[in-house]
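# Task: produce atomic coordinates for the following.
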Amino acid sequence: MHFIWEDFLKIVREELGSRVVETWFKAVSMTRWDSMEKVVYLQTPNAFVCNWLEKNYRSIFQIHLGRLLNVVDPKIVFLTITQKKNDESLVHNHEVQVLENGSKVPQVKAFKPARIIPYNSKNELIASKLLARYGHINKNYIFNNFVVGPSNSLAYAAACAVAQKPGDLYNPLFIYGGSGLGKTHLLHAIGNVIQENNKKALVLYQTADRFVSEFINAIRFDKIDRFQKKYQLVDVLLIDDIQFISNKETTQEAFFHIFNSLYDARKQIVFSSDMFPQNINGIAERLRSRLASGMIADIHQPCIEVKTAILKRKAEASGETLTDEVAHFLACHVTSNIRELEGALIRVLAFAHLTKQRITLDLVQNIFMHNECTTKEMVDFKVVVKAITKHFNYSLEELRSENRNKELVFARQVTMYIMKKNTDRSLRDIGTYLGGRNHTTVKHALSKIEQLIIDDAKLQRKVGVIEKEFAR
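Residues are numbered from 1 along each chain as shown. Below you'll find the model as predicted:
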């Protein structure tokens with residue numbers, strides 16, 4: 001029976017993908033096969049998983065387990081874990097629902113919205129323990145060291161207002177803009193002010209991808225109740241990069257209920273994203289409407305003056321002083337985002353410290369001249385896309401779309417390859433820019449194009465021609 005189940009998982013992995021198997025099927029075990037009655041007994045960790053599998057994958061179990069067991073349309077009985085000693089007693093101690101096709105499923109309750117729990121000392125203690133390992137606020141990200149300019153003034157003002165009156169103004173607050181422009185800084189700054197004003201406030205900072213992983217683990221290890229309790233007790237929920245829950249239907253369902261319970265209790269919710277809510281693909285419409293229901297503020301690329309001010313302030317925080325000409329040079333030559341700007345400053349400060357030289361314009365120009373990373377930083381995603389569109393005739397909107405046309409997919413993969421080769425941006429940044437795709441998709445594209453270039457001289461020449469479009 002163990003080998004049958006292992007073979008079944010291999011088949012499902014090929015058909016549905018590793019993510020689905022790891023999320024749902026790995027949490028299940030095949031406890032018994034009744035060859036006389038042609039019944040397969042499957043044990044699930046909780047009622048939520050039980051319902052989800054029956055609703056979405058019942059036919060998968062019937063088809064593939066049937067083939068492996070040499071039987072047509074076996075009956076499938078889903079069971080939740082209990083303290084009973086064997087599967088038969090499990091069946092007799094559940095209310096069993098007989099489906100139209102003859103399958104039996106214990107009647108279980110669906111995933112319930114989080115119940116709003118009134119505060120008392122016991123609840124605060126529970127919440128404190130649950131939050132102890134998660135969502136620590138970075139004390140270095142405060143409003144006082146956030147440089148404000150025309151590109152971010154609205155987001156800054158909205159964040160300050162929320163921090164002073166959480167739950168009353170701009171709830172939810174949705175901040176969007178490109179990677180590395182200060183969205184995360186503002187989320188932590190909000191949390192710092194709220195915690196300073198109210199020591200008992202339970203503030204949770206969470207990235208969306210970590211939320212997804214936590215939810216998956218809660219399903220697999222039967223900790224849904226603990227998961228819900230953690231989120232329903234927070235006073236302020238700060239979710240970074242919310243776009244990463246796109247195309248994750250079950251996670252969105254869970255988050256939708258969490259959002260509603262917190263919002264109804266007038267708890268503050270703040271989101272960040274790299275795009276406007278209406279432009280995030282793979283989001284359920286009712287959740288999209290929640291994201292866009294409050295204050296929406298954007299952050300643009302800062303102007304040269306703001307970047308110069310950021311550099312000088314960052315240098316002062318490190319005990320160094322930049323001249324105006326050095327700061328201006330760095331601001332002009334690093335065009336991607338604030339994070340890369342800070343990275344360039346760190347390299348300059350480190351080089352000056354290690355070689356025991358003063359930070360002069362000549363020194364900085366020399367560092368940039370001999371630093372390959374700097375050349376890469378000057379290449380912007382927009383420049384790459386502009387070159388791609390000349391040779392593949394696909395627009396940025398099409399590259400970002402969910403269209404799986406073979407030629408379009410190939411053009412998208414080449415775009416990812418060239419972006420990674422010619423910039424210092426992460427797989428996550430590339431995937432986000434091209435429609436919110438995850439890093440695994442980008443990694444697969446890189447491997448595929450790298451191999452094709454080795455075998456296909458024509459493609460190698462074409463990539464070279466595209467790169468010449470933005471070569472400096």
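
# Now do the domain split for the chain, please.
2-106, 121-299, 304-375, 381-468 (automatic domain parsing).

# In JSON lines: those, plus mean pLDDT and mean neighbour count.
(Glycine included, C-beta is placed from N, CA and C.) Listed next are these as JSON lines, based on pLDDT from 0 to 100; neighbours: other C-beta atoms under 10 Å:
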{"stretch": "domain 2-106", "mean pLDDT": "71", "mean neighbour count": "16"}
{"stretch": "domain 121-299", "mean pLDDT": "86", "mean neighbour count": "19"}
{"stretch": "domain 304-375", "mean pLDDT": "81", "mean neighbour count": "16"}
{"stretch": "domain 381-468", "mean pLDDT": "87", "mean neighbour count": "17"}
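
# in the stretch 251-400 of the chain, which spans are helices?
Using DSSP state H, counting those that start in this stretch, the helices of the stretch 251-400 of the chain run over residues 285-291, 304-317, 324-333, 338-355, 361-369, 372-377, 381-392, 396-400.

# ok and the third one relative to helix 304-317, angle-wise?
For the pair helix 324-333 and helix 304-317, the angle between their directions (axes from the mean of the first three to the mean of the last three C-alpha atoms, to 10 degrees) equals 120 degrees.

# which secondary structure elements does helix 324-333 contact?
helix 304-317, helix 338-355, helix 361-369 (3 or more C-beta pairs under 8 Å, 6 or more residues apart in numbering; DSSP states H and E).

# Extract the C-alpha set from the first one and format it as CSV.
When you say that, I think you mean helix 304-317. Provided in CSV are the C-alpha atoms of helix 304-317 (Å, rounded to 0.1, in the frame of the first residue of the first chain):
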residue,chain,number,x,y,z
ILE,A,304,18.1,63.5,-8.5
GLU,A,305,17.8,65.9,-5.6
VAL,A,306,16.0,63.4,-3.4
LYS,A,307,18.5,60.6,-4.2
THR,A,308,21.3,63.0,-3.4
ALA,A,309,19.7,63.8,-0.1
ILE,A,310,19.3,60.1,0.7
LEU,A,311,22.9,59.4,-0.1
LYS,A,312,24.2,62.2,2.1
ARG,A,313,21.9,61.2,5.0
LYS,A,314,22.9,57.5,4.7
ALA,A,315,26.6,58.5,4.7
GLU,A,316,26.1,60.6,7.8
ALA,A,317,24.5,57.7,9.6
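
# Okay, angle between that helix and helix 338-355 too, please.
Computed by the same axes, to 10 degrees, the angle between helix 304-317 and helix 338-355 is 40 degrees.

# Remind me what helix 304-317 packs against, helices and strands.
helix 324-333, helix 338-355.

# wait, which of those helices is closest to residue 254?
helix 338-355 (30.4 Å; C-beta to C-beta).

# now for the closest one, which elements pack on it?
Looks like helix 338-355 contacts helix 304-317, helix 324-333, helix 361-369, helix 372-377 (3+ C-beta pairs under 8 Å, 6+ apart).

# Kindly format the C-alpha coordinates of the third one as PDB.
Meaning helix 361-369. What follows is helix 361-369, C-alpha atoms only, in PDB (Å, rounded to 0.1, in the frame of the first residue of the first chain):
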ATOM      1  CA  LEU A 361      35.000  62.300  -7.000                       C
ATOM      2  CA  ASP A 362      38.000  60.700  -8.600                       C
ATOM      3  CA  LEU A 363      37.900  57.800  -6.300                       C
ATOM      4  CA  VAL A 364      34.200  57.100  -6.900                       C
ATOM      5  CA  GLN A 365      34.600  57.500 -10.700                       C
ATOM      6  CA  ASN A 366      37.500  55.000 -10.500                       C
ATOM      7  CA  ILE A 367      35.400  52.500  -8.500                       C
ATOM      8  CA  PHE A 368      32.500  52.700 -11.000                       C
ATOM      9  CA  MET A 369      34.900  52.400 -14.000                       C
END
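
# Report the distance from that helix to the chain centre.
Centroid separation for helix 361-369 versus its chain: 37 Å, with C-alpha atoms, centre = their mean, to the nearest Å.

# contact partners of that helix?
Residues from elsewhere that reach helix 361-369 (C-beta atoms under 8 Å, 6 or more residues apart in numbering): 323, 325-326, 329-330, 333, 347-348, 351-352, 357, 374.

# In a markdown table, list those residues along with distance to residue 441.
Formatted as a markdown table, those follow (distance: C-beta to C-beta, whole Å):
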| residue | distance to residue 441 |
| --- | --- |
| 323 | 44 |
| 325 | 43 |
| 326 | 40 |
| 329 | 37 |
| 330 | 33 |
| 333 | 31 |
| 347 | 30 |
| 348 | 35 |
| 351 | 36 |
| 352 | 40 |
| 357 | 44 |
| 374 | 28 |
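
# Out of those, the closest to residue 169 would be?
For the contacts of helix 361-369, the nearest to residue 169 is residue 330 (36.7 Å; C-beta to C-beta).
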